[in-house]
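Colleague: Okay, sequence plus prediction incoming.
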Amino acid sequence: MAPRSLPKPVQSARALLALVGLGHLVVPVVMGAREDTLRDQIAAQQPDFDTAEAARSADIAVLSGAVFHGLLLVLCLLLVAKLATGRPWTRRLATVSQLLSVVFGFFSWSSSPMFHAVIPVAAAAQLAVVGLVWLPRPSRDFFATS
C-alpha cells in the first residue's frame with residue numbers, strides 16, 4: 001500500500017507545533033536568565049515577602065516553569081511526529097493540548113509581564129494548529145481515513 005501524502009494544512013500544523021515547541025524550550029531559559037526580574041516582580045506584587053522569600057518564590061517559578069514547559073515541549077514534539085499518522089487521537093490530543101495551552105497562557109499573562117509580547121503570538125499559533133487540523137477538507141479527510 002502506498003503511503004498517503006500529508007495534506008498541506010497538516011504539514012502547516014506540524015510546523016507551527018514545532019515553533020510552539022521551540023517557544024516552550026526558550027521560555028524557561030529566559031526565565032532562568034532573568035530570575036532577578038522575576039524576583040523583583042514577586043517582591044512588588046507581594047510587599048510582605050522578605051528578600052529571601054521573594055528569592056525562593058523566583059526559584060520555584062523558574063523550576064516549575066522549566067518542568068511545565070519541558071512537558072509541553074515533549075508533547076509538541078510527540079504531536080509533530082504523530083500527526084503525520086493521521087490517527088484521530090493525534091488530532092484530538094493536538095486540539096486539547098493547544099486549547100489548554102492558550103488558557104494557561106492567560107494565567108501566565110496575569111502573573112508576570114515578562115512574556116506579554118510572546119503570549120498572544122503563541123496563542124495565535126496554537127489556535128491556528130487547531131483550525132488547521134479540523135477546518136480544511138483535506139485535514140478532515142486525512143484524519144477520517146486512518
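Modeller: That came in fine, so what should we check first? Residues are numbered from 1 along each chain as shown.

Colleague: Which secondary structure elements does the one helix or strand residue 129 maps to sit against?
Modeller: Assigned by DSSP states H and E, residue 129 belongs to helix 119-134. When contacts are defined as 3 or more Cβ pairs under 8 Å, 6 or more residues apart in numbering; DSSP states H and E, helix 119-134 packs onto helix 8-33, helix 88-111, helix 137-144. From N, CA and C alone the C-beta is placed, and that goes for glycine too.

Colleague: what angle separates the second one from helix 137-144?
Modeller: Right, the one you point to is helix 88-111. Per axes from the mean of the first three to the mean of the last three Cα atoms, to 10 degrees, the angle that helix 88-111 makes with helix 137-144 is 120 degrees.

Colleague: I'd assumed residue 17 was in contact with residue 80.
Modeller: Yes - counting by Cβ atoms under 8 Å, residue 17 is a contact partner of residue 80 at 5.0 Å.

Colleague: tell me the secondary structure for residue 4?
Modeller: Classification of residue 4 using DSSP: H, G, I helix; E, B strand; the rest coil returns coil.

Colleague: which parts of stretch 123-138 are buried?
Modeller: 123, 125, 126, 128, 129, 130, 131, 132, 133, 134, 136 (16 or more other Cβ atoms under 10 Å).

Colleague: before we move on, what about stretch 87-96?
Modeller: 90, 91, 93, 94, 95.

Colleague: for stretch 9-26, same thing?
Modeller: Under the neighbour-count criterion of 16+ other Cβ under 10 Å, stretch 9-26 has 9, 10, 12, 13, 14, 16, 17, 20, 21, 23, 24 buried.

Colleague: how about residue 73, what does it touch?
Modeller: Contacts for residue 73 were tallied using Cβ atoms under 8 Å, 6 or more residues apart in numbering; they are 21, 24, 25.

Colleague: actually residue 6, not the one I typed
Modeller: Shown in contact with residue 6 (Cβ under 8 Å, 6+ apart): 84, 142.

Colleague: roughly how far apart are it and residue 47?
Modeller: 54 Å (Cβ to Cβ, to the nearest Å).
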